[in-house]
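Peer 1: Provide a 3D model corresponding to the input given below.
(one chain, ligands or ions: 1)
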Amino acid sequence: ASSSGAEKLRSKLPSPPFKLPVIGHLHLVGSLPHVSLRDLARKHGPDVMLLRLGAVPTLVVSSPRAAKAVLRTHDHLFASRPHSAVGDILSNGSTNVALAPYGDYWRRTKKLVTTHLLAARKVRSNRAAREQEVRLVLARLRAAAADTARTAVDVSELFIYFANDVVCQAVLGRLPREAGRNQMFRELLEIHCKLLGGFNLPDYFPILARLDMVTAKAVKLKRRWDDVLDDLIDKHASKMANDDEEEDFIDVLLSVQQEYSLTRDNIKAILVDMFEAGTDTTYIALDYAMAELMRKPQAMAKLQAEVRGCATKGKEMVTEDDLGSMSYLKAAMREAMRLHPSGPLMIPHLSVADCGVEGHTIPSGTRVIINVWAIGRDAASWKDAEEFVPERFMEEAMDATCDLQGNDFRFLPFGSGRRMCPGISFAAVTFEIILANLVYHFNWELPEGSSSVDMTEEFGFDVHRKERLLLVPRVPHHL
Ligand code: HEM
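Peer 2: Numbering: from 1, shown residues only. This next block holds a predicted model:
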């Protein structure tokens, strides 16, 4: 449709009143957008609802049926990404995978990261490195557990560093580990996520973009990324891998650079993508799973019984061979992700043609947000929707067929369709191996004087618990 035609179509979509000049509905999006958008949708558009966020018309999708229309039936028409001024700066003109507009470049690079970096077979080849990271965590925890003062461990921080270290290992594992390097990645990433954060001013008021503080900070951060990544790429290029060394992500990218016609800037954008998409998402899933398990001792006991029963006796740790038979562990992971998807609103999509959804016509060029958090907690779809009940995903239960691959539109922690997360295998095994070991080796208690886990959320680029999870590890008698 022409722009006036598109406006006409948009004016017919369900939409809340209370629109203000200039900012539109932006004032209705509170500090926890997934919650306020759910509440608005209940009243003004349970399937789809149009909001005006500053200058940007945004469709909010809140039901499994509408999500299926957008992510499966008409997937090809909704598979682009809106332009982001900050994203453009940070990822060299959006030449990473996550923000690239739908088209040939995105198709090529998605295929590249999927087949060469994130396929299950590739992920298995990183196994030794992952298990090594687990060993480091266990050593720290053993020291804490031996402390008679019963000092609490910051489990949130432990997960943050573990997730970051596992990605660092995969990206640059071949280089000797330099003191402070992983920490520096962590720091860059924290600034990165803040800048890209949820509802960025320059994205909703493009006219302001060039003047905006955020843009200036993004330029500065981009220079720091460049320094770090150029140095690492140079080191890889000057020392090609020996046959007996595992290839890391940078080796792979350099070896397929010609075949996929990638510039160095493209490679850097893809590398940053791996850190950004792979680190915080995984830590948040772990943090919530552990927090929910602490709130529900029966579930924790069941998980511990399973893990302690399945793990091969006499080994120093649970290994990836042992994970296959741990079905309660996998159910607990799903359940934590149903209640707390790390990306509650996923990454925005953009429509590239007019398209019918649930009886409405959505014009080309509309930004689309899918509220997977709301869909995962909808009482119309889930029994005891707000409760942490891993049993619902066990073999004999009603929701057992829900997998992580986006085939059930009530459950979309990794999205579905063309834009779906390519990192599912990587994330799942990272999650399972550390959680299994944590509950195998230790019993966990709340610190003295604390009676519950604070579940207050905070919204940034993603949604996480606001307070750090402090827990005391205890070595059980049988070990
Ligand atoms: C618990 C962990 C993770 C969760 C919950 C998660 C979730 C998601 C979601 C919801 C999307 C957006 C889907 C859409 O817009 O339709 C996404 C995209 C993406 N994820 Fe993940 N992810 C996780 C881990 C990872 C890891 C470990 C990697 C790589 C190392 C990764 C790489 C990506 C990339 C590259 C995209 C962009 C795909 C595209 O635009 O085509 N993710 N992820």
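Peer 1: quick one: the strands in the stretch 201-350 of the chain?
Peer 2: 349-350 (DSSP state E, counting those that start in this stretch).
Peer 1: What parts of it come near the ligand?
Peer 2: Asp273, Met274, Ala277, Gly278, Thr281, Thr282, Ala285, Ser342, Gly343, Met346, Ile347 (C-beta under 6 Å from any ligand atom). Bear in mind the C-beta positions are built from the backbone N, C-alpha and C, glycine included.
Peer 1: go with 8 Å
Peer 2: 273-274, 277-279, 281-282, 284-285, 337, 341-343, 346-349 (C-beta under 8 Å from any ligand atom).
Peer 1: Correct me if wrong: Leu253 contacts Ala269.
Peer 2: No: counting by C-beta atoms under 8 Å, Leu253 sits too far from Ala269 to count as a contact (10.7 Å).
Peer 1: Which helix or strand contains the residue of the stretch 101-250 of the chain found nearest the ligand?
Peer 2: With C-beta to the nearest ligand atom, the shortest gap between the stretch 101-250 of the chain and the ligand falls at Lys110, namely 5.1 Å. Using DSSP states H and E, Lys110 maps to helix 104-112.
Peer 1: Leu59 and Gly365: what is the separation?
Peer 2: Applying C-beta to C-beta, to the nearest Å, the value for Leu59 to Gly365 is 11 Å.
Peer 1: so what sits against both of those two?
Peer 2: Residues touching both Leu59 and Gly365 (C-beta atoms under 8 Å, 6 or more residues apart in numbering): Ser351.
Peer 1: between those two, who's got more neighbours?
Peer 2: Leu59 (27 against 18; other C-beta atoms under 10 Å).
Peer 1: How is the more buried one assigned, secondary-structure-wise?
Peer 2: Under DSSP: H, G, I helix; E, B strand; the rest coil, Leu59 falls in the strand class.
Peer 1: nearest residue to it other than its sequence neighbours?
Peer 2: Spatially, and ignoring its direct neighbours in sequence, Leu59 is nearest to Val368 (4.7 Å; C-beta to C-beta, 6 or more residues apart in numbering).
Peer 1: Can you name the residues that contact that neighbour?
Peer 2: So Val368 contacts Thr58, Leu59, Val61, Val70, Phe78, Pro348, His349, Leu350, Ser351, Ile362 (C-beta under 8 Å, 6+ apart).
Peer 1: Out of the residues you listed, flag the one nearest to the ligand.
Peer 2: Once C-beta to the nearest ligand atom is applied, the member of the contacts of Val368 that ends up nearest the ligand is His349, at 6.1 Å.
Peer 1: Measure how buried the residue in the stretch 301-450 of the chain that the ligand sits nearest to is and give me the count.
Peer 2: In the stretch 301-450 of the chain, the residue that lies nearest the ligand is Gly423 (2.3 Å; C-beta to the nearest ligand atom). Close neighbours of Gly423, defined as other C-beta under 10 Å, add up to 22.
Peer 1: Would you mind confirming that it makes contact with Ala277?
Peer 2: Yes: using C-beta under 8 Å, Gly423 makes contact with Ala277 at a distance of 6.3 Å.
Peer 1: So what does His464 have for phi and psi?
Peer 2: phi -130, psi 170 (degrees, to the nearest 10).
Peer 1: who touches it in this structure?
Peer 2: Counting by C-beta under 8 Å, 6+ apart, His464 has contacts Asp280, Tyr283, Ile284, Asp287, Ser342, Glu457, Glu458.
Peer 1: Show me which of the residues you listed are buried.
Peer 2: Asp280, Tyr283, Ile284, Asp287, Ser342, Glu457 (16 or more other C-beta atoms under 10 Å).
Peer 1: and which of these is nearest Glu396?
Peer 2: Ser342 (28.4 Å; C-beta to C-beta).
Peer 1: can I assume that closest one is in contact with Asp280?
Peer 2: Yes: with contact defined as C-beta under 8 Å, Ser342 reaches Asp280; the gap is 7.0 Å.
Peer 1: State the distance from Met213 to Ala55.
Peer 2: In terms of C-beta to C-beta, Met213 sits 19 Å off from Ala55.
Peer 1: neighbour count winner among those two?
Peer 2: Ala55 (14 against 9).
Peer 1: related to what we said a few turns ago, from the contacts of His464, which has minimum pLDDT?
Peer 2: Among these, Glu458 carries the weakest pLDDT, at 84.
Peer 1: Can you list the buried residues in the helix of greatest length in the chain?
Peer 2: What stands out as the longest helix in the chain, according to DSSP state H, is helix 213-238. By 16+ other C-beta under 10 Å, the buried positions in helix 213-238 come out as Val214, Thr215, Ala218, Leu221, Lys222, Trp225, Val228, Leu229, Leu232, Ile233, His236.
Peer 1: Could you do stretch 115-133 as well?
Peer 2: Buried residues in stretch 115-133 (16+ other C-beta under 10 Å): His116, Leu117, Leu118, Lys122, Val123, Asn126, Ala129, Arg130, Glu133.
Peer 1: what does stretch 442-461 give?
Peer 2: Phe442, Asn443, Trp444, Leu446, Val453, Glu457, Phe459, Phe461.
Peer 1: Stretch 46-64 now?
Peer 2: Buried-residue list, stretch 46-64, by 16+ other C-beta under 10 Å: 46-54, 56-64.
Peer 1: is that stretch anywhere near the ligand?
Peer 2: No: Stretch 46-64 lies out of reach of the ligand by C-beta under 8 Å from any ligand atom, never closer than 11.1 Å.
Peer 1: what's the span of that stretch from first residue to last?
Peer 2: By C-alpha to C-alpha, to the nearest Å, the extent of stretch 46-64 from end to end equals 10 Å.
Peer 1: Number of residues surrounding the closest residue to Ser84 other than its chain neighbours?
Peer 2: Sequence neighbours aside, Asp203 is the residue nearest to Ser84 in space, at 5.2 Å (criterion: C-beta to C-beta, 6+ apart). Other residues within reach of Asp203, judged by other C-beta under 10 Å, total 24.
Peer 1: Please tell me how far the residue positioned nearest the centre of the chain sits from Pro16.
Peer 2: Nearest to the geometric centre of the chain sits Thr281, at 3.1 Å (C-alpha atoms, centre = their mean). Note on Thr281: its distance to Pro16, by C-beta to C-beta, is 30 Å.
Peer 1: One more: Glu391?
Peer 2: 38 Å.
Peer 1: Near Phe185, how many residues? Count them for me, please.
Peer 2: Other residues close to Phe185 by other C-beta under 10 Å number 22.
Peer 1: what's the nearest residue to Thr319 once chain neighbours are set aside in contact with, if anything?
Peer 2: Spatial nearest neighbour of Thr319, chain neighbours left out: Glu131 (6.3 Å); criterion: C-beta to C-beta, 6+ apart. Under the criterion of C-beta under 8 Å, 6+ apart, the neighbours of Glu131 are Met317, Thr319, Glu320, Ile433.
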